[in-house]
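Novice: Next comes the sequence, and after it the predicted model I'd like to discuss.
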Amino acid sequence: MDEQRPVKIKVRGLSKVFGKQPNKALELRDQGLKRSDILEKTGQTLGLSNISFDVYEGELLVIMGLSGSGKSTLIRCLNRLIDTTEGEIVIDGENIPTLGEKALLECRRRHFSMVFQNFALFPHRTVRQNAEFGLEIRGIDKTERQKIAHSALKQVGLEGWENAYPNQLSGGMQQRVGLARALANDASVLLMDEAFSALDPLIRKDMQQELLQLQTKMQKTTVFITHDLDEALNIGDRIVLLKDGEVVQIGTPEEILTQPANDYVRRFIEGVDRARILTAASAMRPLRTTARESDGPRTALHRMREHAIDSIYVADRDRRLLGLLEADAANVAIKEGAEKITGHLTQDFRKVSPEEPLQNLFAMFSEKSFPIAVVDEEQRLLGVVVKGAVLDELARAGEQ
Amino acid sequence: MDIPRIPLGSWIEGGLTWLTSEYSVVTRGISRFTQTGINSLNDGLMWLPEWALLAIIALICWKLAGPRLAIGAAAGLALIWNLGLWNPMIETLTLVVIATLVAVVIAMPVGIAAALSERLYRVIMPLLDFMQTMPAFVYLIPAIPFFGIGSVSAIFATVIFSMPPAIRFTTLGIRQVPVELIEAADAYGATRSQKLFKVQLPLSLPTVMAGINQTIMLALSMVVIAAMIGADGLGSEVWRAIQRLRPGDGFEAGIAVVILAMLLDRLTQSLRRSSK
């Protein structure tokens, strides 16, 4: 991106050695030894080696790497939950590694909010008290911080849950509390340590989307750690790719995809292509609603109206697909006085397995263009694919 | 070959004699102060008519643990009253309460310090092992030159004997607080004391309460043994029954101890549950 943008955090020559003789390890590194050799020779683990990058004001920077790449260490060096061995981390003119104890506390309070992989909510505090935590630590008075916590909780869609305890919430909601705690604190940088990795895939997508929306509104400088390239490409303004404690490539998602720096990155991207572009499963979306075989025509119509759709898939108790009910057919059923919809279903739609190649799906959209049903071997309804999703996925594949 | 016997015993005696003579002012002071505390608590509890105290205790049980414990407590206390063991029971209760208070007041800061400092932890843990495994009677012997015969010596020995679990559980509770929560507190810039009071202590409270429960139980058992050095209470009833070979009296006093123990145990356990 634009190199002229103001820099929020400047990281230069950052290294971290785990062990008691860090200098020895760094010496060997400077002689060109690899991480594994250093470990063998000295028993010291070179966690991070000579990392340099900038975080621009207002951007969402993703630090991405597989496990053991040092990404968690790196984010903890930024707010010095882990002490660094050498190098500079400068935020607004302050060099974090050299701060005294008091200045460090002050710096953490002013500059950093953090969201954790396993939420790290305080189980003895209510949702609101959790959201208030950062403000409470900073000594902000009670009415003021309750007001801020309330609006932060509202922002993440948890209004009305203020007095619940974390263990009463689902994983996704817990992480919303984690996010609210960070937002309420209003520090200048948001650190997110694998924040969505513990959530299941659908909720994860939702949270990514919401984070992006929040981001367009607030433009908060964010450092986001993930091991998932898909996630990195989805949300990152720029991506720092780490491997074995070193930076492999820094660039926008576009640059990473089109100009991979080396074979490692290339292999990585290929993996993504194969996984996300080729099959029906990748374009599949969960059904917002289905009708049950026991439903009457009025119930079915009601469901259609609720979700603004004009046909609805009907499944039995085990979610096995029975057929499709169109709004017209439901209408007919009501006029005939039918109590059940099972007699009015049509089989005039397409169904595929999740492994079906996307190219084939494209041809299947008939004139009426019902969503294509995706079913498993036992005819259980997994989700649907709409034309737009196929086009989108194919377009992305074409770009690469 | 004749290896001379190490005079461990006389060293210890020498040390104790020195301590008693050098610090007699201090020990006398403590003794007088504690005795006053014991007397006023005793007098206060005995000033209340039996039925009133019984009702108050039953009410507390009701509030904290529900009707079942309240009924049990009322029945048990009524039995003690009926057996004519009310005053010894009050004396024992007083000793337990004071000993536990002193033990907890010492144990909490020590336990917290041991949880936060690895070095202190390594010093304190063997010391606790020593305190707990040393036969309880042994503490009674030096207590007498320090504080004279009677309840104060009993409390001294009881505190030493019953304190270890309170320290241990406090340390354990704080160490059990998940690392990620400590990390979260650090990340938001919490100071050490903010971390302690807002995160570590509240989260370790159930464990700390379990330790206090253990301390109370040990204190009760020790207070009974302490009758040997002239502590008043149910213990001295048992002691007298032994000397006169009257099993009936012995069991009556013993049952009163059991009732008191169960009552204190259930009460503190319900406190522990409510702190979760």
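Specialist: Structure received.
Novice: how about the residue in chain B that chain A sits nearest to, secondary structure?
Specialist: Going by C-beta to the nearest C-beta, chain A is nearest to B:G189 of chain B, at 3.6 Å. Using the backbone N, CA and C atoms, a C-beta is placed for each residue, glycine as well. Three-state assignment for B:G189 (DSSP: H, G, I helix; E, B strand; the rest coil): coil.
Novice: list the contacts for it?
Specialist: Applying C-beta atoms under 8 Å, 6 or more residues apart in numbering or on different chains, we find B:G189 in contact with A:105-109, A:112, A:134, A:137-138.
Novice: Which one of the residues you listed sits in the busiest neighbourhood?
Specialist: A:G134 (31 neighbours; other C-beta atoms under 10 Å in any protein chain shown).
Novice: I'd say that residue and A:N185 touch.
Specialist: Yes - with contact defined as C-beta atoms under 8 Å, A:G134 reaches A:N185; the gap is 3.2 Å.
Novice: Now for these two: what residues contact both?
Specialist: A:113, B:188.
Novice: Name the nearest residue to A:I91, sequence neighbours excluded.
Specialist: In space, and not counting its chain neighbours, A:I91 is closest to A:I9: 4.9 Å by C-beta to C-beta, 6 or more residues apart in numbering or on different chains.
Novice: Next one: the one you found from chain B, what distance?
Specialist: 15 Å (C-beta to the nearest C-beta, to the nearest Å).
Novice: Surely that residue forms part of a strand?
Specialist: Yes - assigned with three-state DSSP, A:I9 falls within a strand.
Novice: Hmm, A:V390 is touching A:N360, no?
Specialist: No - between A:V390 and A:N360 there is no contact under C-beta under 8 Å: 10.0 Å.
Novice: residue contacts, A:V386?
Specialist: A:285, A:371-372.
Novice: how does it look with 6 Å?
Specialist: By C-beta atoms under 6 Å, 6 or more residues apart in numbering or on different chains, the residues touching A:V386 are A:P371.
Novice: Then the one 3 residues further on?
Specialist: Under the criterion of C-beta under 6 Å, 6+ apart, the contact list for A:A389 reads A:A283.
Novice: before we move on, back to that, so between A:V390 and A:N360, which is more surrounded?
Specialist: Here A:V390 and A:N360 are compared on neighbour count by other C-beta under 10 Å; more neighbours surround A:V390, at 21 against 12.
Novice: A:F365 and chain B, how far apart?
Specialist: Taking C-beta to the nearest C-beta, one finds A:F365 at 48 Å from chain B.
Novice: And for that residue, the neighbour number?
Specialist: Around A:F365 there are 17 residues (other C-beta under 10 Å).
Novice: Which residue is the nearest non-sequential neighbour of it?
Specialist: A:K387 (5.0 Å).
Novice: Identify all contacting residues around stretch A:295-308.
Specialist: A:288-289, A:291, A:312, A:325, A:327, A:330, A:333-334, A:339, A:341.
Novice: again, but for stretch B:144-161
Specialist: Residues contacting stretch B:144-161 (C-beta under 6 Å, 6+ apart): B:20, B:27, B:31, B:34-35, B:38, B:98-99, B:102-103, B:131, B:136, B:139-140, B:143, B:219, B:222-223, B:226, B:229-231.
Novice: so how far is it from its chain's centroid?
Specialist: Distance of stretch B:144-161 from its chain centroid, counting by C-alpha atoms, centre = their mean, to the nearest Å, is 12 Å.
Novice: same question, stretch A:257-265
Specialist: That offset, for stretch A:257-265, works out to 22 Å (C-alpha atoms, centre = their mean).
Novice: Flag every buried residue along that stretch.
Specialist: A:257, A:260, A:265 (16 or more other C-beta atoms under 10 Å in any protein chain shown).
Novice: which bits of the stretch 51-200 of chain B sit near chain A?
Specialist: Contact residues, the stretch 51-200 of chain B versus chain A (C-beta under 6 Å from any C-beta of the partner chain): B:180-181, B:183-184, B:186-190, B:194.
Novice: 10 Å instead, please
Specialist: B:177-192, B:194-195, B:198-199 (C-beta under 10 Å from any C-beta of the partner chain).
Novice: need the contact list for B:I141.
Specialist: B:I141 is in contact with B:13, B:16, B:153, B:157, B:229, counting by C-beta atoms under 10 Å, 6 or more residues apart in numbering or on different chains.
Novice: what's near enough to touch A:N163?
Specialist: Counting by C-beta under 10 Å, 6+ apart, A:N163 has contacts A:126-129.
Novice: quick one: it is in a strand?
Specialist: No - under three-state DSSP, A:N163 falls outside any strand and is assigned coil.
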